[in-house]
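[1] Pasting the sequence and the predicted model now:
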Amino acid sequence: MVTGSNAPDVATLMRIYRRMSSIKQNDERMRATIRAGKLAIIYYSPRGQEVIPSAIAEHLNDDDYLVTIYRGIHDQIAKGVPLKSLWAEYAGKVTGTCKGKGGPMHITHPETGVMVTTGVVGSGMPIATGLALASQMSGDGRVTITNFGDGASNIGAFHESLNLASIWKLPVVFVCQNNGYAEHTHYSEGTAVENIADRAASYNMPGVTVDGNDPVAMWKAAQEAVARARAGEGPTLLECKTFRFMGHLLGDDSHYIPKEEMAAALEKDPVPLFRQKLIDDWQVPAADLDKLDADIATEIDEAVQFALDSAYPDLVENKRDILAEEMA
Amino acid sequence: MVTGSNAPDVATLMRIYRRMSSIKQNDERMRATIRAGKLAIIYYSPRGQEVIPSAIAEHLNDDDYLVTIYRGIHDQIAKGVPLKSLWAEYAGKVTGTCKGKGGPMHITHPETGVMVTTGVVGSGMPIATGLALASQMSGDGRVTITNFGDGASNIGAFHESLNLASIWKLPVVFVCQNNGYAEHTHYSEGTAVENIADRAASYNMPGVTVDGNDPVAMWKAAQEAVARARAGEGPTLLECKTFRFMGHLLGDDSHYIPKEEMAAALEKDPVPLFRQKLIDDWQVPAADLDKLDADIATEIDEAVQFALDSAYPDLVENKRDILAEEMA
Amino acid sequence: MNAESPVKAKKINMLQGINMGLAEAMEADEKVFLLGEDVADKQGGGVFGVTRGLSSRFGESRVRSTPIAEQAIVGAAVGAAIAGYRPVAEIMLMNFITVAMDMVTNHAAKLRFMSGGQTNVPLVIRTATGSGFGNGGQHSDMLEAWFAHTAGMKVVMPSGPAEAAGLIYSSIFDDDPVVFIETIPLYYVNGDAPEPGARIPLGKARIAREGTDVTLVAYGRAVNDCLMAAETLAKEGVSAEVIDLRTVAPLDMPTILNSVAKTRRAVVAHEAVKPFGVGAEISSQIHEELFSDLKASVQRVGSNFQPVPFSKPLETDFIYGQAQLLDAVRKTLG
Amino acid sequence: MNAESPVKAKKINMLQGINMGLAEAMEADEKVFLLGEDVADKQGGGVFGVTRGLSSRFGESRVRSTPIAEQAIVGAAVGAAIAGYRPVAEIMLMNFITVAMDMVTNHAAKLRFMSGGQTNVPLVIRTATGSGFGNGGQHSDMLEAWFAHTAGMKVVMPSGPAEAAGLIYSSIFDDDPVVFIETIPLYYVNGDAPEPGARIPLGKARIAREGTDVTLVAYGRAVNDCLMAAETLAKEGVSAEVIDLRTVAPLDMPTILNSVAKTRRAVVAHEAVKPFGVGAEISSQIHEELFSDLKASVQRVGSNFQPVPFSKPLETDFIYGQAQLLDAVRKTLG
Ligand SMILES: Cc1ncc(C[n+]2csc(CCOP(=O)(O)OP(=O)(O)O)c2C)c(N)n1
Ligand SMILES: Cc1ncc(C[n+]2csc(CCOP(=O)(O)OP(=O)(O)O)c2C)c(N)n1
Ligand SMILES: [Mg+2]
Ligand SMILES: [Mg+2]
């Protein structure tokens, strides 16, 4: 849904909320399913980071490209990957986005523009420049979004990609989801700059720091960056400040996060806050939101069931998709 | 020779000039020797960039570390590597700095602190952080200088190194010798920022752009950066604007450089200009400079002869220095 | 079984074994220091906890958590090494070394030679990997063959806790750059603790089990798999000798060739994919040296030639199993 | 000899051969584009001139000079490839691919598999290397074994100008990622020009010379060295068959095995250092398949296991020569 106005209306906000609620509920169900022993996976929860992709999605078309990372299920849901296919991939089933071969860290779903999900920190960015280059060369008008963490901004691939994208004025938005930690390392212990967005100065591109937990601010910042890319004016580095509620991966007890920091962050949980805001400031009836939340819950129920009921891929899949030609 | 004053005296300037003259004459002889068919090597001339290392050297001790690149013979000469050993290495002789095994692109001479010369763009910087880390941990007071080109500032290793050096406040100076071209690519076609020094902002470190062809300006800028490193205050990104007179490598006809740009640069050849300045502004007798230049010429004569007269390494050297233990 | 029994060795796992070896090395020489992502205790002592306790004991100057920047990590280790330190760099997972291969191949491996012996690079790169944990395509690769193919590097791969303790210590005090590869599944397998101060020299293989009919050459987790296969074979009346290489580069060919000269049959097994793997080098050398003594061609066992799949049944199918090991042995029995 | 003679093919060198193949591919499909350092004509059409004239002909949008940023170069190629383009990325020298191995190994090679076949990566990485030019330790390595060991990659290595023209074309239109390795010394050797439009399929080896007594398996510059050795052997009454692999991965084992089944003796030769090299895989497979047919063990010839030295006599000693090739053949003759 590409929009051009400069303030989101209530319908827009409701769509953003819907995505946020999907992401949050999906995450809760995922953790419960893992804890119940029904899914044996390494899980990187996006809880706390729901707003960022939910707001960006308002400015994207289905065929705009997305590149994301291991902590990317919120990005994928917001971009529209069907929950059934996602759950089935997480469960390693043949009905998954990638027939179960990629797994949680490697979701690909071209129909919704999800081209690469990578487990190597920073490595999505160079590839995103290539997707954007393809769009520039073909003139297909697509924009590429590439997500990465604060920690990823310290690796070489970040630097090379932003420089190349700027030189070539590529239609790409570099979305840094700055959640304050890289695994167990606090932002300030790995990153020699106050705001990641300040690094845009090294590449002659706009660098914008935005409250990634504020749906309206995110919507505006994303609008500008996407519009700029789509207009052929080049890339933007968009730093979205947020927080990671569940640690690096499921099971992480967040021992390295000061208790007060965690408590303060949880208090500002963006999903209930935004829900309340919709009720208070936008007069959305609570019942509407209840209904919406419940619909999502049902959708998730179905997705979980679908995934658990689906079959595993046949072993012949181990010979397929390695090269174009099937292996002997 | 560590100095602390804030303006160079004539003795200092004379030492700087001596290094510059050495580098220039050595380069001329090198090119002549290659053209005469007496040396069959790929040669990256430093002509035009004489001032930078000549001025920096004033602030360094013998045991301060230097990391440089294929275009590094000016850095090595300024750091004090004996010309005989250099020429012999260039000639692949056993009397060379590295017994002829490294060659022009890989000069190592620990006695004068030359620890690494690398042929891989950007790769000296990460190693320089390690040398500086060793000094920080041991408290030996050494400073590490790492040289690289403008083109190298676009590669990932640059980014990772500056960030790490800043986080750890390492005693290292990142010296970008910005000669406007990376091989045949003009600065502006590869680099999305006006000054390389501006990139320091990404790492919370001072970034200084200096006229790398002005000995006094260079002396001052280097003094500050080295002092800062030595005082434990951390790294500096020092961008020295200069020009490469002889193209990327010997034989390069510089077809990609606009004629006017080249002509203007040659007109500002820093070596004769500084020579004249010493005469005009500092009342140095031309005869003194003639003598100095002539002494250098003699030294180079001897070095060339030494290299040509020296033996090649024995073939057993192909089994040595691969691992600590000699190969069977 | 009583853990306190004087004749039984204490049981530890490989995480503990490596931790012990690191601690002993740091104790022995203050030039030994560690760096890597999250390695200090503030961050939990490494993602698997291998370095747990060490920053508390030796200080954060010697156990340094780094940014996510593998080129800088390995580069800093190279620089410190040529300045006289003995750095141990942790690359969290082996697949991530791919961003730092320049530092390894073009620098760590070559600086001694290119400097004519003036700068040696006594560093260790510790890294973990291995399939079986649902980590998928980018977190499970075995790349030891790359390093073994690189002159100037040593490659060490322990098969258990005591092995790991003795080998990491020797790797640290070796004057050459070492890639030390830790198989994640082995982290959690218990074995006898080493005698305190026990050292294991690099470049020397170990006969893990003696036998007369066939030689199984392995390293890392494949050693245990081969020992299991040897048990099965023993029941069938086949006496298998199992060699734990310990060091993949340089190879201890004398030990391999002595064994195969005796058994006249050999199988080489590793978790890495088979084509162009370490097994090919060993197989070739055995054929070259013992061609007329061999009763059958040397067989190789490795994982399927494919990216590591995520889905559990595919992942299980990916890695070689007992069936493949036994089949390979049976092929040599003719 | 008259160059205009109708029966004689025109002579070109490998630089021209590759240039021809690139031009034909760009002509055939506008999805083909080139990127790399200095590849456009403004910068001279590549450091060796391989891409000379192409930006003038096809425009700078399709022949893109890049910053020095190999991760971005290969990454951009990967991204454009999964979006439907057929990028040809030039990595100036093979040693520089070490900074971009993540893009190759973890991404180019795996995206097809990890996506369950949804994204294929039809890119070509062209790169040049080879010793003999005094380029020293960091500019001469042959790393083809790394890529061959990586499932999902193809590795192509031409032995001459017409070969190069036909193989680069096929590499570009292959739907899998290809590393295309150009040996610098071969750039300047003349050979017959290809027929216009001649294509050479990937994965198929070529019998470069027929023979009956021994099979020499080679690729790249070693093909020419083996042909030379075959001449010498012929004078001694030994008939050597020479196989030019063309594609190192996947290997054309049927062609190799057919030949060795006939000759019952084999030597594998390559410029890469011998240990853990491509020769080991080929040797192992020959032994595995033809053990009882072989008259002698397969011999391998490769360069010394050391960094490439600078000094001329050392560099000459580093790379295998005719003597080693002939020795290896004689060993198989027993
Ligand atoms: C090249 C590389 N190095 C290390 C890792 C291990 N690792 C996985 S996630 C992570 C932290 C990334 O932090 P950040 O970029 O802030 O993203 P977040 O997880 O906070 O979303 C690390 C170090 C990796 N996957 N890739
Ligand atoms: C990683 C890598 N990529 C490419 C090259 C090839 N190369 C050698 S020098 C050079 C240009 C470097 O330019 P710059 O950094 O400005 O240094 P200058 O040569 O101008 O001193 C290039 C691309 C290389 N050596 N290493
Ligand atoms: Mg983070
Ligand atoms: Mg330059």
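    Everything's here; your move. Residues are numbered from 1 along each chain as shown, chains lettered A, B, ... in the order given. Ligands and ions are numbered 1, 2, ... in the order given.
[2] For residue 14, grab the count of nearby residues.
    This is for chain A. For residue A:14, the neighbour count with other Cβ atoms under 10 Å in any protein chain shown is 17. Just so you know, the C-beta spots here come from the backbone N, C-alpha and C atoms, and that holds for glycine as well.
[3] other chain: chain C
    Residue C:14: 27 surrounding residues under other Cβ under 10 Å.
[4] I'd say it and residue C:166 touch.
    No - between residue C:14 and residue C:166 there is no contact under Cβ atoms under 8 Å: 12.0 Å.
[5] Assign a three-state SS to residue A:255, would you?
    coil (DSSP: H, G, I helix; E, B strand; the rest coil).
[6] quick one: the helices in chain C?
    Using DSSP state H, the helices of chain C run over C:14-28, C:54-58, C:70-82, C:101, C:111-114, C:144-148, C:161-173, C:184-187, C:221-235, C:253-263, C:278-290, C:312-318, C:322-333.
[7] Please point out which parts of the last one sit buried.
    Counting neighbours by 16 or more other Cβ atoms under 10 Å in any protein chain shown, one finds that the buried residues in helix C:322-333 are C:324, C:325, C:326, C:328, C:329, C:332.
[8] Could I get those residues in JSON lines, plus columns for pLDDT and distance to residue D:30?
    Output for those, formatted as JSON lines (pLDDT from 0 to 100; distance: Cβ to Cβ, whole Å):
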{"residue": "C:324", "pLDDT": "98", "distance to residue D:30": "47"}
{"residue": "C:325", "pLDDT": "98", "distance to residue D:30": "52"}
{"residue": "C:326", "pLDDT": "98", "distance to residue D:30": "55"}
{"residue": "C:328", "pLDDT": "98", "distance to residue D:30": "50"}
{"residue": "C:329", "pLDDT": "98", "distance to residue D:30": "56"}
{"residue": "C:332", "pLDDT": "97", "distance to residue D:30": "55"}
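[9] rewinding a little: tabulate the helices of chain C (a markdown table), appending distance to residue D:244.
    A markdown table is the format used below for the helices of chain C (distance: least, Cβ to Cβ, whole Å):
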| stretch | distance to residue D:244 |
| --- | --- |
| helix C:14-28 | 47 |
| helix C:54-58 | 54 |
| helix C:70-82 | 37 |
| helix C:101 | 29 |
| helix C:111-114 | 32 |
| helix C:144-148 | 25 |
| helix C:161-173 | 42 |
| helix C:184-187 | 42 |
| helix C:221-235 | 35 |
| helix C:253-263 | 31 |
| helix C:278-290 | 21 |
| helix C:312-318 | 33 |
| helix C:322-333 | 31 |
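[10] now, of those, which is deepest in the fold?
    Stretch with highest mean neighbour count among these: helix C:70-82 (a mean of 32; mean count of other Cβ atoms under 10 Å in any protein chain shown).
[11] Show me the shaky parts of chain A.
    Confidence mapping of chain A against pLDDT under 70 gives the ranges A:1-5.
[12] which one's the longest helix in it?
    helix A:10-35.
[13] mind listing what's buried in it?
    Buried, per 16+ other Cβ under 10 Å, within helix A:10-35: A:12-27, A:29-31, A:33-34.
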